[in-house]
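J.: My questions are about this predicted structure, shown below with the sequence.
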Amino acid sequence: MKKKSKFRSVLQWIGKNKLFTLGIIIVGIYLLAGIFASLIAPSDPGKANPSIRLLKPFQDPAHWLGTDAIGRDLFSRLLYGIRTSVIIGFCSVLLAALIGLIVGIISGLTSPGPLDSVLMRITDVQMGFPFIVLAMIALTLFAPNEVSVTIVLSLALWPAYARTVRSNVIPQKSTDYIAAAKLMGASSWRISTKYIGKNLIPAMLPLIPLDIAGMIINESLLSYMSLGINPPKISLGNIMSDARGYIASDAWYIMIPGIVLIIMVLGLNFIGDNLQVHFDPKLRK
């Protein structure tokens, strides 16, 4: 009965938060579009046909969003670009959250102490390092692909998670239930995972969709600057990069992937903002 009542309360909360529901719908559509890109795409996204290059949207039912500078179907390329951008965005945030969770819990549990000081100084150095400089150095040394871009993005993000986790762990470790768990012989691992870890969800969960949105933008920026995903791989950023030379004559070419990116980021922000309000009593007021 408790599970049913919790499920019902969640559904009621979702029903009351229209923007959250809209965000879920938007992100759900994008996820489905990326997962089933190979089934939905009407044509091969890499197949060029110069005879129909720069075909404008809605001129040809076979290419309803038009074609790019070498005659490739833009709708098909957007589907594959969404898949790449979403995978990199999700994976980079999950990796950053995992690193930040481990560092933050260790630092919080050992604070004050030398290990905490070392970990926080490393975190400070990483936070102070400009993202673009880090990306340029890393992606110049290593071939820019999905894995390297994901790692670079996660390296730029994990310090924020580490700081958030540490700031929540320090007050928790002095509470009565943690003291009771220690008296009962609970190990540090059990205390970290069962007691402290589950209480970090309200602090971390709202950050995840917001950070995914940020990482998708950063990936698109890197690809737009030819530092990220390069052809023949497709991302929203390199689709816009291909369109740079046609802004004056065919503005629709860069506007369409830009609008697709903006809508996806808006959906993620709707989710993150509403989760922040839900978990933060001050914002609810």
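T.: Sure, I can see it.
J.: Tell me which stretches of the stretch 101-250 of the chain form strands.
T.: In the stretch 101-250 of the chain, no segments count as strands under DSSP state E, counting those that start in this stretch.
J.: where in it is pLDDT low?
T.: 176, 181-182, 185-189, 191-195 (pLDDT under 70).
J.: Just confirm T123 contacts G108, I think it does.
T.: No. Between T123 and G108 there is no contact under C-beta atoms under 8 Å: 12.0 Å. In short, each C-beta sits where N, CA and C put it, glycine included.
J.: Quick check: chain neighbours aside, which residue is closest to D250?
T.: L54 (5.5 Å; C-beta to C-beta, 6 or more residues apart in numbering).
J.: Determine whether the claim that the one you found is in a helix is correct.
T.: No. Using DSSP: H, G, I helix; E, B strand; the rest coil, the assignment for L54 is coil, not a helix.
J.: pretty sure A69 is in a strand, no?
T.: No. Looking at A69 with three-state DSSP, it is coil, so not inside a strand.
J.: just checking, it touches D242?
T.: Yes. The criterion here is C-beta under 8 Å, and A69 meets it with D242 at 6.2 Å.
J.: between the two, who's got more neighbours?
T.: Counted by other C-beta atoms under 10 Å, A69 and D242 do not tie: D242 has more neighbours, with 20 against 15.
J.: Quick check, that one in contact with D68.
T.: Yes. With contact defined as C-beta under 8 Å, D242 reaches D68; the gap is 6.0 Å.
J.: what sits in contact with each of these two?
T.: Contact criterion C-beta atoms under 8 Å, 6 or more residues apart in numbering; residues shared by D242 and D68: none found.
J.: Nearest spatial neighbour of V149, chain-adjacent residues omitted?
T.: G228 (5.1 Å).
J.: how close does L32 sit to Y80?
T.: 14 Å (C-beta to C-beta, to the nearest Å).
J.: Looking at these two, which one has more neighbours?
T.: Counted by other C-beta under 10 Å, L32 and Y80 do not tie: Y80 has more neighbours, with 21 against 12.
J.: Which residue is the nearest non-sequential neighbour of that one?
T.: Using C-beta to C-beta, 6+ apart, the closest residue to Y80 is I234 (4.4 Å).
J.: Ramachandran angles for the residue nearest to V149?
T.: phi -100, psi -130 (degrees, to the nearest 10).
J.: Tell me who's in contact with it.
T.: L139, P144, V149, E219, S220, L221, L222, S235, G237, N238.
J.: So which residue is smack in the middle of the protein?
T.: The chain has I212 as the residue nearest its centroid, 1.6 Å off, counting by C-alpha atoms, centre = their mean.
J.: Okay, helices next: where are they in the stretch 151-285 of the chain?
T.: Assigned by DSSP state H, counting those that start in this stretch, the stretch 151-285 of the chain shows helices spanning 176-183, 188-190, 198-199, 201-204, 207-224, 236-242, 252-279, 281-284.
J.: swap that for the stretch 1-150 of the chain, sorry
T.: 2-16, 18-35, 37-40, 74-110, 114-128, 131-141, 146-172.
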